[in-house]
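> For reference, the sequence and a predicted model appear below.
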Amino acid sequence: MQPGLDFSVIAQNITHFMIGRYPSGPLGGVALTLYLAVVALILSFFGGLILGLMCVSRNRLIRYPTLVVVNAIRGIPLLMVIFWMYFLLPAFVGYRTPESWTVIAALTIFTSAYMSQIVQAGIEGIPRGQMEAALSTGLVPGQAMLYVILPQALRNMIPSFVNQFVSMIKDTSLAYIVGVSELTHVATQINNRTMIFPTEIFLFIAVIYFIICFAFTSLSRWLEQRLAWRKAI
Amino acid sequence: MFNYKFDWAIVTSGKYFEWIISGLGITLELSLVSIALSFILGLIIAVMRMSNVRPIRWFAHGYLEFFRNTPLLVQLFFWYFGSYKILPKVINDWLNTMSFEFAAAVIGLTIYTSAFIAEDIRSGVRSIPKEQMEAARSSGFSYIRSMLYIILPQAVRITIPPLINQFLNLAKNSSLAMTIGVAELTYQARQVESYTFKGFEAFTAATLIYLALSLVITGLVTLYSKKVLNPIGAR
């Protein structure tokens, strides 16, 4: 094969890359990648919040089992979690679930475990005096956490959440394994159809992922600086 | 599902057990080769990133941002399916003399991980007081030599725990190599599943192996931080 890149294959399939077969078929491509990432991010925000609160619970019967589960999930590859969900989700729900559910469930469980660490660190980063002050004004521990600690902790966690979202966008590429037609899957389909342009196709989707992820990485850096500045005054 | 009959003997002995173990072997081999290479590459990129020469610094910065912000799976596909058009013929021929799946996985994992390692090393270097560099330069070392003999040895020592963590990430990430046909642990688990329909047992075995691996590696980090970095338990 002679070197020389021909990007006309991209131009011909650009709508397929962006939205899949959308108007006449299911959503796909970049749009589905973002959809999966956003849905899984929202779910794993709450998952991570609950797990994180359980990790800092004073009740050992809650704290230790949660820590074990969180660290176990962090110890296995995402691919493993996806395969598990592929088996377990239909068994729990009772009927054949769409593949996109498998991916959303796997990403949610996986990212919740990582998010819980962020939440834990965020809560522990708030000075002790805040909790003591809240308790001495007559709030019960639950209220103190909800109204005093969490609002401050969550603000500090925002940059880490954005970083986690970047990882999530990258991780949606694994949906390819179970046949969800997000960007990577669309790329392999087009590659299988056109045969001779793998370099162009994979370079192109790498650039697409890069543009999306880099935008959010920059956002997270900007937020971090802004928060540091607010703390300084 | 709930009247499923478990058959653990399938993954604890016989042919399928051997498959799983050979998968573990490939996973370890892939991870060890890639971590060694990506340490070297990461060191080079980190030094380039801190260089005073702008084009070198910009190149390293671009490298870091690009490879950290694209999915590993896409990078693997690129090296496996697409690299032949941009690599010189000599390298292509050389790569084709060995198992190309494995080589592509090593290239992909190495480049991806090196970007993360470079950042770890850079933050290690940042924690070394500036005076160390100034003292080295004023005693006549060149920039490269002061990096090599003064700064990096100290920086790498503190960077070892994050490096071991990167090794753990690498071992987990190496599961993606199954998509380009490297017969590592996840690939073999899936293989056992498709031969026997005993997916539950096969994936349990693989999951437990990954867990054991991460437990051992995390233990090593804790031990290192306690015994080497902070031997007297000071804070």
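Nice, thanks for sending it over.

> What helices and strands are in contact with the helix or strand hosting residue A:222?
Element membership of residue A:222, judged by DSSP states H and E, is helix A:198-232. Applying 3 or more Cβ pairs under 8 Å, 6 or more residues apart in numbering or on different chains; DSSP states H and E, one finds that helix A:198-232 contacts helix A:8-12, helix A:14-19, helix A:29-55, helix A:150-171, helix A:183-194, helix B:54-68, helix B:72-77. To be clear about C-beta, it is placed using only N, CA and C from the backbone, and glycine gets the same treatment.

> and it with helix A:29-55, angle?
40 degrees (axes from the mean of the first three to the mean of the last three Cα atoms, to 10 degrees).

> Quick one: mean pLDDT for helix A:198-232?
Regarding helix A:198-232, the rounded mean pLDDT is 89.

> how about low-confidence regions in chain B?
Where chain B drops to pLDDT under 70, the residues are B:1-3, B:231-235.

> Quick check: residues of it near chain A?
In this structure, chain B approaches chain A at residues B:1-2, B:65-66, B:68-75, B:77-78, B:81-86, B:172-173, B:175-176, B:178-179, B:186, B:189-190, B:199-200, B:203, B:206-207, B:210-211, B:213-215, B:218, judged by Cβ under 8 Å from any Cβ of the partner chain.

> picking that back up, go through the helices and strands packed on helix A:198-232 and name the closest to residue B:157.
Nearest to residue B:157 among those is helix B:54-68; the distance by Cβ to Cβ comes to 22.4 Å.

> Report the buried residues of the closest one.
Using 16 or more other Cβ atoms under 10 Å in any protein chain shown as the test for burial, helix B:54-68 gives B:60, B:63, B:64, B:65, B:66, B:67, B:68.

> what residues are up against the closest residue to residue A:35 other than its chain neighbours?
Leaving aside its chain neighbours, residue A:35 sits nearest to residue A:27 (6.8 Å; criterion: Cβ to Cβ, 6 or more residues apart in numbering or on different chains). Residues counted as contacts of residue A:27 (Cβ atoms under 8 Å, 6 or more residues apart in numbering or on different chains) are A:19, A:20, A:35.

> Ranking by neighbours, what's the top pick from these?
residue A:20 (22 neighbours; other Cβ atoms under 10 Å in any protein chain shown).

> I'd guessed residue A:18 sits against residue A:32; true?
No. Look at residue A:18 against residue A:32 with Cβ atoms under 8 Å: they stay out of range, at 10.0 Å.

> Which one's more surrounded, those two?
Legend: neighbour count by other Cβ under 10 Å for residue A:18 and residue A:32, higher for residue A:32 (24 against 15).

> show me the contacts for the more buried one.
A:20, A:100, A:180, A:181, A:182, A:183.

> Which one (most neighbours) among the residues you listed?
Highest neighbour count within the contacts of residue A:32, by other Cβ under 10 Å: residue A:183, with 29 neighbours.

> who's in contact with that residue?
A:17, A:29, A:30, A:32, A:33, A:172, A:173, A:205, A:208, A:209.

> try 7 Å this time
Counting by Cβ atoms under 7 Å, 6 or more residues apart in numbering or on different chains, residue A:183 touches A:17, A:29, A:30, A:33, A:205, A:208.

> ok, now residue B:178?
Per Cβ under 7 Å, 6+ apart, neighbours of residue B:178: B:184, B:186, B:187, B:190.

> in what helix or strand does the last one lie?
For residue B:190, the element it lies in under DSSP H and E is helix B:185-196.

> in that helix, what counts as buried?
In helix B:185-196, counting by 16+ other Cβ under 10 Å, buried: B:185, B:186, B:187, B:188, B:189, B:190, B:191, B:192, B:193.

> just to revisit the earlier point, from the helices and strands packed on helix A:198-232, which stretch is densest packed?
Highest mean neighbour count of these: helix B:72-77, a mean of 24 (counted as mean count of other Cβ atoms under 10 Å in any protein chain shown).

> Extract the CA atoms of the next helix or strand after that helix and return them as PDB.
Where DSSP H and E defines the elements, the next helix or strand beyond helix B:72-77 is helix B:89-96. C-alpha atoms of helix B:89-96 as PDB (Å, rounded to 0.1, in the frame of the first residue of the first chain):
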ATOM      1  CA  LYS B  89       8.300   0.400   5.400                       C
ATOM      2  CA  VAL B  90      11.300  -0.800   7.400                       C
ATOM      3  CA  ILE B  91       9.300  -0.600  10.700                       C
ATOM      4  CA  ASN B  92       6.200  -2.200   9.100                       C
ATOM      5  CA  ASP B  93       8.300  -5.100   7.900                       C
ATOM      6  CA  TRP B  94      10.000  -5.500  11.300                       C
ATOM      7  CA  LEU B  95       6.600  -5.400  13.100                       C
ATOM      8  CA  ASN B  96       5.300  -8.000  10.700                       C
END
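
> which of the buried residues of helix B:54-68 lies closest to residue A:158?
Out of these, the member with the shortest distance to residue A:158 (by Cβ to Cβ) is residue B:68, at 19.8 Å.

> For chain A, which residues are neighbours of chain B?
Taking Cβ under 7 Å from any Cβ of the partner chain as the criterion, chain A approaches chain B at residues A:1, A:3, A:5, A:72, A:75-77, A:79-80, A:83-84, A:87, A:91, A:166, A:170, A:173-174, A:176-177, A:184, A:191, A:198-199, A:202-203, A:205-206, A:209-210, A:213-214, A:217.

> Can you give me the distance of the residue nearest to residue A:35 to residue A:111?
Distance of residue A:27 to residue A:111, computed by Cβ to Cβ, to the nearest Å: 22 Å.

> and if you look at residue A:125?
For residue A:125 relative to residue A:111 (Cβ to Cβ), the value is 20 Å.
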